[in-house]
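Asks: Requesting a structural model of the entry that follows:
(one chain, ligands or ions: 4)
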Amino acid sequence: MDAPIPDLAERAAECAERLHDADGVVLASHIDADGLTSAAIAASALERGRIPFETVFSKQLGEDEIAEIANMDRDVVLFTDFGSGQLDIITEYEQSGDITPVIADHHQPADAETEYHLNPLLFGINGASELSGAGASYALARALEPEDGDNRDLAALAIVGAVGDMQASGGELVGANRRIVEEGVSAGVLEEATDLSLYGKQTRPLPKLLEYSTDVYIPGISNDERGAMGFLDDLDLDLKADGDWRRWVDLTDDERQTVASALVQRAVSRGVPAEKIDGLVGTTYSLTAEPEGTELRDASEFSTLLNATARYERADVGLAVCLGDRGDALDRARQLLRDHRRNLSDGIEWVTSEGVTREEHVQWFHAEDRIRETIVGIVAGMAVGADGVDRGTPIIAFANKTDEEVKVSSRGTHTLVREGLDLSAVMGEASRAVGGDGGGHDVAAGATVPAGTEAEFIELADEIVAEQLS
Ligand code: C5P
Ligand code: C5P
Ligand code: C5P
Ligand code: ZN
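Replies: Numbering: from 1, shown residues only. Ligands and ions are numbered 1, 2, ... in the order given. Below you'll find the model as predicted:
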């Protein structure tokens with residue numbers, strides 16, 4: 001069999017075989033874009049393989065959630081996009097004979113081992129930049145080999161998951177993810193192109209596309225509604241149709257070229273550094289089966305739509321969209337997206353207006369109840385580089401979870417990771433020292449800690465980061 005990721009092929013085949021032998025499967029997945037696409041890939045493959053299953057989602061897998069899942073009385077539990085970090089707990093249930101776990105994940109594994117564990121990190125592949133949970137699930141789906149077809153069509157969802165986990169943050173997907181892109185292209189479900197890298201090319205009217213795109217900050221355009229419109233008005237192009245602004249997707253190649261060149265010129269003339277300007281262009285991934293001008297056409301916009309459902313307790317809506325529901329589920333997801341965007345922009349505004357507190361090696365803020373704990377990590381990541389938030393320092397964010405528990409999210413950069421930063425270890429060690437737990441990836445990680453331990457947590461995190469970067 002030709003496997004998409006040769007290093008994972010043997011383990012994927014073993015996992016697939018165990019699933020084929022199962023009497024019943026619980027499919028358990030994480031509530032974000034990568035978790036939803038993982039679940040959709042696994043669900044499609046199980047369905048096509050005629051393996052009976054039911055799906056559950058969890059915000060965070062802990063003792064209680066694992067106990068509940070084990071109580072569902074199916075012999076096999078397929079964990080996707082989580083499970084590795086909780087392997088110590090999961091293997092207890094395995095040893096007592098309650099369940100056989102099959103895990104397709106990309107998070108840092110806890111200190112335990114199990115037979116059906118499909119994780120890129122076990123095979124020398126980076127789980128933060130080369131393969132996501134959806135990618136691991138895709139490797140499994142390909143190994144499940146249905147009677148008709150080969151599941152290559154599921155590559156599109158795997159790419160939405162990878163992009164949703166910010167694995168294309170350097171502009172394009174690399175490593176094992178590239179193999180999945182190639183399979184998607186050859187299956188006719190994906191298209192890859194070099195294009196403007198701004199978020200919203202499918203759905204945002206041109207002025208909004210420019211105004212809201214702040215990753216590459218262009219003075220007089222970014223965060224400047226009138227400036228963005230003025231810039232477009234000054235171009236010798238007809239950028240309106242029936243009085244309404246057109247979108248990037250509506251432009252011809254020539255028109256795009258004109259806008260992009262003018263944008264680069266403007267950035268140069270305003271003194272934006274060259275390496276920042278390079279970031280204006282990147283690789284985009286389009287889902288060819290989806291209509292142009294919709295959120296579903298672009299992997300980045302699709303992943304945001306999914307986060308807008310799952311992070312607000314409506315994983316069912318996002319899953320239905322992934323599985324092809326273009327009626328009620330898509331309508332509902334679009335409503336949720338409007339709220340999600342407002343929450344993100346309110347959150348970023350709050351962070352930048354309040355400012356962050358700087359320690360020696362980390363910077364942090366505590367949103368309390370002002371930002372939902374399920375999106376505080378996204379907000380922290382988006383705030384980096386904004387006014388007063390330093391790009392060269394890891395950011396740690398707190399938000400209240402319950403009266404007793406506080407959610408922690410942390411984000412770094414690939415540059416810091418190359419210098420030794422490992423936020424997964426920071427979150428894990430510091431949280432356990434104050435009676436909580438955490439983990440994740442080197443570049444992005446999270447934890448839950450008891451309320452009231454934040455100051456101690458920050459002090460510990462600051463020390464650990466200092467050691468890592470020394
Ligand atoms: O749980 P999971 O692995 O899906 O989440 C990964 C998180 O890490 C996402 O919220 C993603 O935005 C974040 N991330 C990041 N920068 C990176 C890689 C991942 O902020 N370079
Ligand atoms: O597309 P990407 O995963 O990089 O976006 C990360 C988050 O930032 C998404 O949840 C998306 O909603 C949001 N975003 C946005 N507007 C932008 C850039 C990102 O809403 N200009
Ligand atoms: O929740 P947040 O977006 O900050 O999560 C960042 C990364 O850390 C994700 O990959 C998430 O799965 C992981 N995480 C974890 N354990 C926690 C919280 C988050 O492994 N307790
Ligand atoms: Zn993931």
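
Asks: neighbours around whatever residue of the stretch 51-200 of the chain ends up closest to ligand 3, how many?
Replies: Closest contact between the stretch 51-200 of the chain and ligand 3, by CB to the nearest ligand atom, is at Gly85 (4.7 Å). Backbone N, C-alpha and C define where each C-beta goes, glycine included. The number of residues packed near Gly85 is 22, by other CB atoms under 10 Å.

Asks: For it, give me the backbone phi and psi.
Replies: Here is the backbone geometry of Gly85 (degrees, to the nearest 10): phi -70, psi -20.

Asks: is stretch 217-231 anywhere near ligand 2?
Replies: No. Shown here: stretch 217-231 not in contact with ligand 2 (CB under 6 Å from any ligand atom), separated by at least 9.5 Å.

Asks: Report the mean per-residue pLDDT for that stretch.
Replies: For stretch 217-231, the mean pLDDT works out to 92.

Asks: What pLDDT is listed against the residue of the stretch 51-200 of the chain closest to ligand 3?
Replies: The model's pLDDT for Gly85 equals 96.

Asks: before we move on, what about the one 5 residues further on?
Replies: In the predicted model, Ile90 carries a pLDDT score of 98.

Asks: Surely Glu405 is in contact with Val449?
Replies: Yes. Judged on CB atoms under 8 Å, Glu405 makes contact with Val449 at a distance of 7.2 Å.

Asks: So between these two, which is more surrounded?
Replies: Using other CB under 10 Å as the criterion, Glu405 and Val449 rank with Val449 on top: 25 against 13.

Asks: ok, what's across the strand from that one?
Replies: Beta bridges link Val449 to Val406 when assigned by DSSP bridges.

Asks: That one against Ser409, yeah?
Replies: No. The pair Val449 / Ser409 is not scored as a contact, 11.6 Å apart, by CB under 8 Å.

Asks: where exactly do the helices run in the stretch 201-350 of the chain?
Replies: Applying DSSP state H, counting those that start in this stretch to the stretch 201-350 of the chain gives helices spanning 206-212, 225-233, 253-269, 274-278, 299-310, 315-322, 328-354.

Asks: Give me the contact list for the first one.
Replies: In this case it means helix 206-212. The contact list for helix 206-212 (CB atoms under 8 Å, 6 or more residues apart in numbering) reads 198-201, 204, 218, 221-225, 227-229, 231-232, 239, 245-248, 259, 263.

Asks: Next: the shortest one.
Replies: For helix 274-278, contacts defined as CB under 8 Å, 6+ apart pick out 216-217, 264, 267-268.

Asks: related to what we said a few turns ago, would you confirm that the residue of the stretch 51-200 of the chain closest to ligand 3 contacts Gly439?
Replies: Yes. Using CB under 8 Å, Gly85 is in contact with Gly439, at 4.3 Å.

Asks: Overlap in contacts, the two.
Replies: Common neighbours of Gly85 and Gly439 (criterion: CB under 8 Å, 6+ apart): 107-108, 110.

Asks: got a list of what the most centrally placed residue in the chain touches?
Replies: Closest to where the C-alpha atoms of the chain average out (CA atoms, centre = their mean) is Asp165, at 2.2 Å. Taking CB under 8 Å, 6+ apart, we find Asp165 in contact with 32-34, 128, 132-133.

Asks: Buried among the shared contacts of Gly85 and Gly439? Need that as a selection in PyMOL.
Replies: To isolate the buried ones among the shared contacts of Gly85 and Gly439 in PyMOL, judged by 16 or more other CB atoms under 10 Å, type:
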select buried, resi 107+108+110
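
Asks: from the shared contacts of Gly85 and Gly439, which single one is nearest Glu290?
Replies: Glu290 lies nearest to His107 out of those, by CB to CB, at 29.0 Å.

Asks: I'd like to check which residues are in contact with the closest one.
Replies: Taking CB under 8 Å, 6+ apart, we find His107 in contact with 81-82, 84-85, 119, 127, 133, 424, 439-441.

Asks: what's the answer for Leu237, then?
Replies: Each residue near Leu237 by CB under 8 Å, 6+ apart is listed here: 255, 258-259.

Asks: Report how many residues lie close to the nearest residue to Gly271 once chain neighbours are set aside.
Replies: Sequence neighbours aside, Pro219 is the residue nearest to Gly271 in space, at 8.0 Å (criterion: CB to CB, 6 or more residues apart in numbering). Using other CB under 10 Å, Pro219 has 14 neighbouring residues.

Asks: List the backbone torsions phi and psi for Pro219.
Replies: The phi/psi pair for Pro219 (degrees, to the nearest 10) is phi -60, psi 140.
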